[in-house]
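Trainee: Pasting the sequence and the predicted coordinates here, then a few questions.
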Amino acid sequence: MDQKYGNIKGGNLKPKHAPVAFSKEQLKDLFRGFDCNKDGLLSKDELKKAFNSLGSRVPAFRTLAALQHADENGDGFISEEELEALVQYALGLGYTNKMG
């Protein structure tokens, strides 16, 4: 058996450390962790840092698109009430946890 792969019985040919998609809760926790000033709002800069940490190749674009998608009141921030829409947007991009 190849060292890189797990149990081959039953057709499981996935690498042992395959990237795993983030869960909703993991993404919520990740985004909340980037609220650097702890004001309960995610600014453009905080969102950009979060998307960068997710591995986005274009975090500035992702930030603007996320605000367009999730900033329901148009204030330029993502509030706790808008976090669900942000998470849904991020889930749709297919980011994976490389440590999975």
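Mentor: Now that the structure is in, tell me what you want to look at. Numbers count the residues shown, from 1 in each chain.

Trainee: other SSEs contacting the one helix or strand H69 maps to?
Mentor: Applying DSSP states H and E as the criterion places H69 in helix 59-70. When contacts are defined as 3 or more C-beta pairs under 8 Å, 6 or more residues apart in numbering; DSSP states H and E, helix 59-70 packs onto helix 44-53, strand 78-79, helix 83-92. C-beta: built from backbone N, CA, C; applies to glycine.

Trainee: Check the gap between S23 and L30 for me.
Mentor: Noted for S23: a distance of 10 Å to L30, by C-beta to C-beta, to the nearest Å.

Trainee: if you count what's nearby, which of these two comes out ahead?
Mentor: Between S23 and L30, counting by other C-beta atoms under 10 Å, L30 is the more crowded of the two (17 against 12).

Trainee: quick one, what contacts the more buried one?
Mentor: F22, A50, S53, L54 (C-beta atoms under 8 Å, 6 or more residues apart in numbering).
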